[in-house]
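# I'll drop the sequence and a predicted model, then ask my questions.
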Amino acid sequence: MPYFDTASAAPLHPVARQALQASLDEGWADPARLYREGRRARLLLDAAREAAAEAVGCRPDELVFTPSGTHAVHTGVAGALAGRRRVGGHLVVSAVEHSSVLHAADAHAAAGGTVTHVPVDRAGAVSPAGYAGALDASTALACLQSANHEVGTVQPVAEVAEVCAAAGVPLLVDAAQSLGWGPVEDGWSVLTASAHKWGGPAGVGLLAVRKGVRFSPQFPADERESGRSPGFVNLPAVVAAAASLRAVRAEAEAEAARLRILVDRIRRRVARLVPDVEVVGDPERRLPHLVTFSCLYVDGETLLHELDRAGYSVSSGSSCTSSTLTPSHVLRAMGVLSEGNVRVSLPTGTTAQEVNGFLEVLPGVVAGVRATLGVGEPAAVAPVSDALEIDALGLRCPQPVIELARAIGTVPVGGTVTVLSDDEVARLDIPAWCTMRGHTYEGEAPRPAGVAYTVRRRV
């Protein structure tokens, strides 16, 4: 059964498995102790730190291991902000950061700090000018992911780092999605990553802080890991994480070239094989193994279940796959379609046959889901009104857009259809539908019940 969700967690790399098994026998003692078993454990820990630091591109004494990537992010953000509290309490983040960064930003705001979210373009990329405009004299820290976890867009880290350096602001880079593929562009001050993203064991994060960066750990004093991550490290997991990072980086160039061809095939063929689909993310400046697309008139949760039944494990940013019934903050910030969203992230070793099999199955699965929702080609009808209003209150994604699609043909070119909806996702999906189908989105207006979204027919 093909597993296509390495952006969430990669299968354990064979080298990680071997290192984990070996270090369970050799690395169980306290590396802080001076007796033989402790010294042996310390040698393993030092070797793992050196290997990880080499992959990151920093000094070994700049890198510590944490209990997870999220822990590394929270520790990094809190420590960097505290270290520069005399400068001010302003934090700058992109609108598409991983939730761990945004949660840290929310906690900072709740404690009295200020946060600026830098917008992205429709491909999911920030601009250095956007960061330059967000920085001010009170900015203590800026954060930027190296590559987006949902759409794969690679961010201009070096350019943003240059802007931050000119303003004297440290830059924290979340490199969780990209570190297995190569070193992060230079200029960062703090870097975080997570081992389970590159095939290491879960429960190991990396936190690197450059020498000279003001950093004040926010935990009680602890003698381990430079005081930045308290507690006894899971040494066998740390050793496995470092060994697998070295292994995947040795394979990265060849595997990236191979997977990029397969992802390009998905990007091209999905757009041809599936009607009314939007492939999102930057087509060129992107991770080699990840592609995301959204399908009109599709319930995302049902689509994922049907793909799972067909033997393919994928992920989604659709609102109808989450308990909040709101779309992914990444898709929302990009202003792209969120309904029927599918994220495919290929693991190392994925074959062309597996990708071809997915492409053979996908059109029928999408058509089947649409059929269950009663979606079909609208019958040709004579326009009945210059302005029509549809009551879609109580209907959830993708039904408001389906009702809009059915109604647009009943008004003449130049006429309007207004959709009254209380579904939060309609605010994103109706404008996206207009972009895809060539109509004009006229805007929204609040009503006593719901919001009225008006569309002008153009074709």
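Received, thanks.

# from memory residue 162 sits against residue 188, does it?
No. Shown here, residue 162 and residue 188 do not form a contact pair, counting by C-beta atoms under 8 Å, at 11.2 Å. Bear in mind the C-beta positions are built from the backbone N, C-alpha and C, glycine included.

# Neighbour count: those two, which is higher?
Neighbour count, other C-beta atoms under 10 Å: between residue 162 and residue 188, residue 188 has more, with 26 against 17.

# Just give the closest residue to the more buried one, not the sequence neighbours.
residue 173 (4.3 Å; C-beta to C-beta, 6 or more residues apart in numbering).

# List the contacts of the one you found.
Residues in contact with residue 173 (C-beta atoms under 8 Å, 6 or more residues apart in numbering) are 143-146, 157, 184, 188, 190-192.

# May I have the secondary structure class of it?
Following DSSP: H, G, I helix; E, B strand; the rest coil, we place residue 173 in the strand state.

# Using PDB, write out the CA atom coordinates for stretch 188-202.
The C-alpha trace of stretch 188-202 is given here as PDB (Å, rounded to 0.1, in the frame of the first residue of the first chain):
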ATOM      1  CA  TRP A 188      19.900  32.400   9.900                       C
ATOM      2  CA  SER A 189      20.500  32.900  13.600                       C
ATOM      3  CA  VAL A 190      18.400  30.100  15.100                       C
ATOM      4  CA  LEU A 191      17.300  26.900  13.300                       C
ATOM      5  CA  THR A 192      14.900  24.100  14.300                       C
ATOM      6  CA  ALA A 193      14.100  20.700  12.800                       C
ATOM      7  CA  SER A 194      12.500  17.400  13.500                       C
ATOM      8  CA  ALA A 195      13.900  13.900  13.000                       C
ATOM      9  CA  HIS A 196      10.700  12.200  12.000                       C
ATOM     10  CA  LYS A 197      10.500  14.400   8.900                       C
ATOM     11  CA  TRP A 198      13.600  12.800   7.300                       C
ATOM     12  CA  GLY A 199      13.200   9.200   8.400                       C
ATOM     13  CA  GLY A 200      14.600   9.400  12.000                       C
ATOM     14  CA  PRO A 201      12.700   8.300  15.000                       C
ATOM     15  CA  ALA A 202       9.900  10.500  16.400                       C
END
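
# Report the rounded mean pLDDT for that stretch.
Taken as a whole, stretch 188-202 carries a mean pLDDT of 97.

# Kindly report the same for stretch 410-426.
The predicted model gives stretch 410-426 an average pLDDT of 92.

# Taking the centroid of this protein, which residue is nearest it?
Nearest to the mean C-alpha position of the chain, counting by C-alpha atoms, centre = their mean, stands residue 149 at 2.2 Å.

# Once you drop chain neighbours, what's closest to that residue?
Among residues not flanking residue 149 along the chain, residue 177 sits closest, at 5.1 Å (C-beta to C-beta, 6+ apart).

# just checking, that neighbour touches residue 148?
Yes. When contacts are counted by C-beta under 8 Å, residue 177 is listed as touching residue 148 (7.2 Å).

# Neighbour count: these two, which is higher?
Taking other C-beta under 10 Å, residue 177 and residue 148 do not tie; residue 148 has more neighbours (30 against 26).

# Could I get the contacting residues of that one?
96, 124, 154-155, 177, 281, 330.

# Any figure for the gap between residue 280 and residue 153?
9 Å (C-beta to C-beta, to the nearest Å).

# got any residues that touch both of these two?
Shared contacts of residue 280 and residue 153, defined by C-beta under 8 Å, 6+ apart, comprise 123-124.

# Show me how far the host helix or strand of residue 255 is from its chain's centre.
Here residue 255 is covered by helix 235-273, with elements defined by DSSP states H and E. Distance of helix 235-273 from the chain centroid (C-alpha atoms, centre = their mean, to the nearest Å) equals 16 Å.

# Just the buried residues of that helix, please?
235-249, 252, 255-256, 258-259, 262-263, 266-267, 269-270 (16 or more other C-beta atoms under 10 Å).

# What is it packed up against?
Counting contacts by 3 or more C-beta pairs under 8 Å, 6 or more residues apart in numbering; DSSP states H and E, helix 235-273 is packed against helix 14-26, helix 36-56, strand 277-280, strand 290-295, helix 352-372.

# Quick check: which of those is buried the most?
Greatest average neighbour count among the helices and strands packed on helix 235-273 goes to strand 290-295 (a mean of 26), per mean count of other C-beta atoms under 10 Å.

# what's it in contact with?
Here strand 290-295 makes contact (C-beta under 8 Å, 6+ apart) with 7, 150-152, 177, 263, 266-267, 270-271, 274, 276-281, 303, 317-318, 331, 336-346, 366, 432.

# hmm, try it at 6 Å
Under the contact criterion C-beta atoms under 6 Å, 6 or more residues apart in numbering, strand 290-295 has outside partners 7, 151-152, 263, 266-267, 270, 277-281, 337, 340-345, 366.

# Checking my notes, residue 201 in a strand, right?
No. With three-state DSSP as the criterion, residue 201 is assigned coil and is not in a strand.

# Looks like it contacts residue 237 (just checking).
Yes. Counting by C-beta atoms under 6 Å, residue 237 is a contact partner of residue 201 at 4.5 Å.

# ok, so what distance separates the residue nearest to residue 188 from residue 281?
Relative to residue 281, and taking C-beta to C-beta, residue 173 is found at 19 Å.
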